[in-house]
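J.: whatever this is, show me its structure:
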Amino acid sequence: MDFRYDVIVVGAGHAGCEAASAAARMGSKTLLITMDMNKIAQMSCNPAVGGIAKGQIVREIDALGGQMGIVTDRSAIQFRLLNQSKGPAMWSPRSQSDRKRFIEEWINVLAHTDNLYIWQDIVTGLIIRDNKVCGIKTMLGIEMEAQAVVLTNGTFLNGLMHCGKTQIPGGRTSEPASHGITEQLASLGFRTDRMKTGTPARIDARSIHFERLVRQDGDDSWHQFSYLHSVKRELKQMPCWITYTNPTTHEALRAGLADSPLFNGQIKSIGPRYCPSIETKIVTFADKEAHQIFLEPEGVDSNEYYVNGFSSSLPWQVQLAGLRTIQGLEDVVLYRPGYAIEYDFFDPTQLHHTLETKQIENLFFAGQINGTTGYEEAAGQGLVAGVNAHINVHGGSPFTMGRNESYIGVLIDDLVNKGVDEPYRMFTSRAEYRILLRQDNADERLTKRSYEMGLADRERYDLLCHKQTACADFIEYMQQTSVRKGTIDGWLESIGSSALHEGCKISELVLRPQVTIKGLAEVVPELKVKTAELSDEIIESCEIQIKYAGYIKREQLEAAKLQRLDQIRIPDHFNFDEVQSLSTEARQKLNRIRPKSIGEAQRIPGVSPNDVSVLLVLMGR
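T.: From the prediction side, this is the model:
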């Protein structure tokens, strides 16, 4: 053990696991350092992966050859494809996971990854020489050398937990905070600040009156996160349960607001707007008499339930009193109360799109250290940081993704160009090209590129090639095969579609909103024979491509315009202060963020269309 590595990844959360796995699989000798090897990939908050836009990120991670989708499918205890009543651009997979199994699956992945080593310790500082990171120092007094370092510290940097007036230093319940890194980087000129997040109480299933709750089962569907056909859901599928707060609940919680860290000045940092605590809800939405609560199982063999929608840092007695006013929870018993946590993060505008810091060469940040929230956002950043750390060590072109290529690309572009003023969470509304960035086509967007750079393996690439060939052949078949007039009029009328005035191609029928390929196959024997040879995945992909061809083409044209601006480079040392025709705000922000292209400059808040026009002229365009 010489403690000399190509890449060191600090922190074994969702970002750290993806970063270490990616760097090692691409060939770097990689070390993953964690405080506790029993809590690798811990689901610190709810035991679920995916959701609106987040599910698309996990599909992209899987398409690139990452591990989160595989681990999630193998630990899933309930799967749902959200937003199926809307168009496919909005479909988002979500899965409840067995928390213990999720950790075990990740540990198994890491244990069987070549070039990957694990060390249990706490990192207290970085070794930096000539503005280049050269290694790390640990609490055990060990110095380890590395050519690149990826920091994925989550909520541990000077973490402070709050439950009522009680304050406990730590990065997660029963786990210590990490000190030294923030102070060192701040002394080198890094801009840092504080954020807040929180988690709800965990309760004992034996004290829940399930007969008084509304049951919510998962989808009996072929959909999953991983594109690999060999990966399947193996565990018993379990329901979630729905209940609601009420005016009595809100009255019980208001009685404790004087001791709430969020309202008595104890917590000064900003929390996530889109996942507020229950005390924030009853204050912000004072006129609302009920808030929905989801009870989510923590595992197949566990009595622990997660109270989704009831995040709180109120005193534990107030939390318990409030919970016991909710239908089905009248006799509830706590395993532990909820709490809030404050932690350090760094302004992400200090990063390149590779997630390498601008100040220190070969130092990368990924996850909540960049001001994001969510397992999925962290994992996506971790994969990008791990890939680029390997590239920096061994050579190659930097790996970045545009806003028209992936949700991960949108996420990183937002962070680097706009920064954050609250914990960043991904939504479909943040992606202007979401028709292109569907959950069904992440493999078509990303797998070939990942395979060519050495991350995605041959199995993934072969599956992609088969899918693309099968889709092309099936679409061609539907474009060339006709349905005669009068043969399916009765069926068309039964689904609310008009009868045929003349024969038409199958592809033309599929354009109708009411018509699905599978439904049409039931009344067109030749089509039924053809679909029997194809997987559900290929049939769905073909249907989306036909129905939304016009929208897809339009977005591709818009994306091409964006790419043209991203290809107009701005010199690294361009002096924006000398350009008096730029607005003062634009000069300040351009100097601080240092965009590398006109496209990046255009997306910086405060840079106007007129400023972009000035830059275009200066770049000779």
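J.: what sits against residue 240?
T.: Shown in contact with residue 240 (CB atoms under 8 Å, 6 or more residues apart in numbering): 78, 96, 216, 294-297. Bear in mind the C-beta positions are built from the backbone N, C-alpha and C, glycine included.
J.: those residues: which two are farthest apart?
T.: Within the contacts of residue 240, 78 and 295 form the most distant pair, 12.1 Å apart (CB to CB).
J.: does residue 565 count as helix, strand or coil?
T.: helix (DSSP: H, G, I helix; E, B strand; the rest coil).
J.: contact partners for it?
T.: 597-599, 602 are the contacts of residue 565 under CB under 8 Å, 6+ apart.
J.: now the end-to-end length of stretch 240-258.
T.: Terminal residues of stretch 240-258 are spaced 33 Å apart (CA to CA, to the nearest Å).
J.: tell me the mean pLDDT for it?
T.: On average, the pLDDT along stretch 240-258 is 97.
J.: one step back: taking the contacts of residue 240, please make a ChimeraX selection of just the buried ones.
T.: The buried residues among the contacts of residue 240 can be selected in ChimeraX (16 or more other CB atoms under 10 Å) with this line:
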select :78,96,294,295,296,297
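J.: narrow the contacts of residue 240 to those in strands?
T.: If you go by DSSP state E, the contacts of residue 240 have 78, 96, 216, 294-297 in strands.
J.: if you count contacts, what does the top helix by length along the chain end up packed against?
T.: If you go by DSSP state H, the chain has its longest helix at helix 458-480. Under the contact criterion of 3 or more CB pairs under 8 Å, 6 or more residues apart in numbering; DSSP states H and E, helix 458-480 touches helix 442-453, strand 504-505, helix 506-510, helix 525-532, helix 536-547.
J.: what comes into contact with that helix?
T.: By CB under 8 Å, 6+ apart, the surrounding residues in contact with helix 458-480 are 63, 65, 227-230, 443-444, 447-448, 450-451, 505-507, 510, 517, 527, 530, 534, 537-539, 541-542, 545-546.
J.: hmm, residue 270 is touching residue 421, no?
T.: Yes - under the criterion of CB atoms under 8 Å, residue 270 makes contact with residue 421 at 7.1 Å.
J.: those two: which is more packed in?
T.: With neighbours defined as other CB atoms under 10 Å, residue 270 and residue 421 compare such that residue 270 has more, 15 against 11.
J.: relative to residue 339, how far out is that one?
T.: Between residue 270 and residue 339 the distance is 17 Å, computed by CB to CB, to the nearest Å.
J.: same check, this time on residue 30
T.: Taken as CB to CB, the span from residue 30 to residue 339 is 33 Å.
J.: just residue 279 next, same as before
T.: On the measure of CB to CB, residue 279 and residue 339 end up 13 Å apart.
J.: give me the common contacts of those two.
T.: Common neighbours of residue 279 and residue 339, counting by CB under 8 Å, 6+ apart, are residue 313.
J.: re earlier: for residue 34, find the nearest of the helices and strands packed on helix 458-480.
T.: That would be helix 442-453 among these, by CB to CB, at 25.9 Å.
J.: coming back round to it: only whichever of the contacts of helix 458-480 are buried, select them in ChimeraX.
T.: Per 16+ other CB under 10 Å, the buried members of the contacts of helix 458-480 correspond to this ChimeraX selection:
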select :63,65,227,228,443,444,447,448,450,451,506,507,510,517,527,530,534,537,538,539,541,542,545,546
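J.: show me the shaky parts of this protein.
T.: Within the chain, the stretches with pLDDT under 70 are 621.
J.: apply 80 and report the result again.
T.: Applying pLDDT under 80 to the chain picks out residues 1, 620-621.
J.: what is the neighbour count of residue 118?
T.: For residue 118, the neighbour count with other CB under 10 Å is 17.
J.: residue contacts, it?
T.: 12, 31-34, 37, 110.
J.: which residue is the nearest non-sequential neighbour of the residue of the chain most remote from its centre?
T.: The centre of the chain is farthest from one residue, residue 486, which by CA atoms, centre = their mean lies 49.1 Å away. Spatially, and ignoring its direct neighbours in sequence, residue 486 is nearest to residue 500 (7.1 Å; CB to CB, 6 or more residues apart in numbering).
J.: ditto for residue 250
T.: Nearest non-adjacent residue to residue 250, counting by CB to CB, 6+ apart: residue 282, 4.6 Å away.
J.: check the secondary structure at the one you found for me.
T.: Under three-state DSSP, the three-state class of residue 282 is helix.
J.: what residues are up against it?
T.: 250, 253-254, 291.
J.: just put the residues you listed in CSV and tack on distance to residue 569 and secondary structure.
T.: Listed next are these as CSV, based on distance: CB to CB, whole Å; DSSP: H, G, I helix; E, B strand; the rest coil:
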residue, distance to residue 569, secondary structure
250, 55, helix
253, 54, helix
254, 56, helix
291, 50, coil
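J.: which of the residues you listed sit farthest apart?
T.: 254 and 291 (13.6 Å).
J.: most neighbours, which of the contacts of residue 282?
T.: Neighbour max across the contacts of residue 282 (other CB under 10 Å) = residue 253, 26 neighbours.
J.: the closest residue to that residue other than its chain neighbours sits in which helix or strand?
T.: Leaving aside its chain neighbours, residue 253 sits nearest to residue 322 (4.6 Å; criterion: CB to CB, 6+ apart). Element membership for residue 322 (DSSP states H and E) is helix 316-323.
J.: one more: residue 199?
T.: strand 192-204.
J.: between the helices and strands packed on helix 458-480, which one is nearest to residue 90?
T.: Comparing those against residue 90 with CB to CB, the closest turns out to be helix 536-547 (12.1 Å).
J.: now the angle from the closest one to helix 458-480?
T.: In terms of direction (axes from the mean of the first three to the mean of the last three CA atoms, to 10 degrees), helix 536-547 departs from helix 458-480 by 50 degrees.
J.: give me the residues contacting helix 536-547.
T.: 88, 222, 438, 440-441, 467, 470-471, 474-475, 478, 507, 510-511, 513, 516-518, 531, 552.
J.: mind listing what the residue nearest to residue 361 when sequence neighbours are not counted touches?
T.: Once flanking residues are discounted, residue 361 sits nearest to residue 132: 4.2 Å by CB to CB, 6+ apart. Residue 132 makes contacts with 360-362, as judged by CB under 8 Å, 6+ apart.
J.: give me the buried subset of these.
T.: Looks like the contacts of residue 132 have 360, 362 buried, using 16+ other CB under 10 Å.
J.: residue 70: which of the contacts of residue 132 is nearest?
T.: Using CB to CB, residue 362 is the member of these that sits closest to residue 70, with 29.0 Å.
J.: nearest spatial neighbour of the closest one, skipping sequence neighbours?
T.: Per CB to CB, 6+ apart, closest to residue 362 is residue 148, 4.3 Å.
J.: the one you found: which element?
T.: Using DSSP H and E, the element containing residue 148 is strand 143-151.
J.: can you spell out which helices and strands pack onto the next helix or strand after that strand?
T.: Later in the chain than strand 143-151, the nearest helix or strand by DSSP H and E is strand 160-163. The criterion is 3+ CB pairs under 8 Å, 6+ apart, and the helices and strands that strand 160-163 contacts are strand 166-169, strand 339-346.
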